[in-house]
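1. Make a model of this:
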Amino acid sequence: MASLTVCITCPFAMFALFLASLAIVWYLAAAALQARYWSEFDAPRSVLLCAWMGVAFQAGYLVAHVQAVGGFDLGFLHTAALVAWVVVLLILVVAMTKPVAKLGLVMFPLAALMLGLDLALVDPKQTLSVLDWAMTTHILTSVLAFALISLAALQALLLAFQDQQLKSHPPKRFVRSLPSLQAMESLLFQILVAGVLLLSVSLVTGFVFVEDLFVQHLIHKTVLSIFAWLLFIGLLLGRWHYGWRGQTALLWVLSGFVLLLLAYFGSRFVLEWVLRRQL
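-> Model prediction:
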């Protein structure tokens with residue numbers, strides 16, 4: 001709860017802590033129910049309802065947290081919790097029309113974990129910032145792009161597991177509950193296209209709105225993000241021209257995701273959790 005300690009007398013701080021605690025409870029409830037019904041083709045409404053409650057309470061927490069500390073928290077753990085929230089929200093929205101609910105087996109408990117770490121460990125003195133509309137646009141598109149590509153990476157792993165199981169073993173209940181390989185692969189590339197479009201917008205807004213984009217503390221993020229973008233564009237072109245799929249698609253998606261992970265969180269983790277604790 002260090003993230004709210006400095007303003008614990010503020011009503012918003014106590015309210016934010018209360019909302020975050022409720023969000024964690026609902027996420028864990030959704031994860032438990034999803035694990036119980038893991039072999040069902042469609043997630044029961046109770047799973048989705050619990051997850052929606054978690055998303056709603058975390059949204060309230062984010063708003064109350066900004067009011068409590070007087071700015072946006074751009075630290076490593078708070079950003080990670082924000083990205084997890086966006087990924088869960090995307091899963092729930094897409095699940096209305098596409099079979100992605102099983103990704104909640106990973107994301108529901110992960111969202112609870114990231115939010116819990118955010119409450120317990122973040123030091124707001126190092127991370128608060130007041131942003132104008134231009135930077136807000138850049139950060140928002142960056143977070144959405146990373147969330148969608150994270151979702152694509154999870155979908156790629158699930159697709160690879162499904163393919164391996166169908167080739168090596170008699171189909172188990174979990175594998176039989178998944179859509180066909182073709183449908184799963186089609187969904188992967190739909191998510192990836194949306195993520196790449198947002199990543200393109202993020203890069204453009206970065207070049208337009210961010211001053212000194214290639215200064216020392218931003219150059220790694222810029223270069224790695226560009227390399228990830230090139231990888232994803234290469235994969236989409238390969239899919240279009242040569243019909244790339246299977247292990248090739250998995251390798252390219254995960255490679256691009258790792259580059260973005262390092263770009264968004266690599267140096268921030270080192271600066272906030274390694275170097276600062278050595279000083």
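
2. mind checking how far residue 262 is from residue 143?
-> Residue 262 sits 16 Å away from residue 143, going by Cβ to Cβ, to the nearest Å. The way it works is simple: take the backbone N, C-alpha and C, and place the C-beta from them, glycine included.

3. and if you look at residue 200?
-> 15 Å.

4. And those two? Which one has more around it.
-> Higher neighbour count among residue 200 and residue 143: residue 143, with 19 against 15, using other Cβ atoms under 10 Å.

5. gap between stretch 227-246 and the chain center?
-> The chain centroid and the centroid of stretch 227-246 are separated by 22 Å under Cα atoms, centre = their mean, to the nearest Å.

6. isn't residue 142 right up against residue 204?
-> No. Judged on Cβ atoms under 8 Å, residue 142 makes no contact with residue 204 at a distance of 11.3 Å.

7. So for these two, which sits in the more crowded spot?
-> residue 142 (24 against 12).

8. Let me know the secondary structure of the residue of the chain most remote from its centre.
-> Largest separation from the mean C-alpha position in the chain: residue 170, at 32.8 Å (Cα atoms, centre = their mean). Assigned by DSSP: H, G, I helix; E, B strand; the rest coil, the conformation of residue 170 is coil.

9. Okay, it and residue 176: tell me how far apart.
-> As judged by Cβ to Cβ, residue 170 and residue 176 stand 10 Å apart.

10. same question, residue 34
-> Taking Cβ to Cβ as the measure, residue 34 falls 17 Å from residue 176.

11. So if I had to pick from those two, which one is more boxed in?
-> Neighbours per residue (other Cβ under 10 Å) separate residue 34 from residue 176, with residue 34 holding more: 26 against 13.
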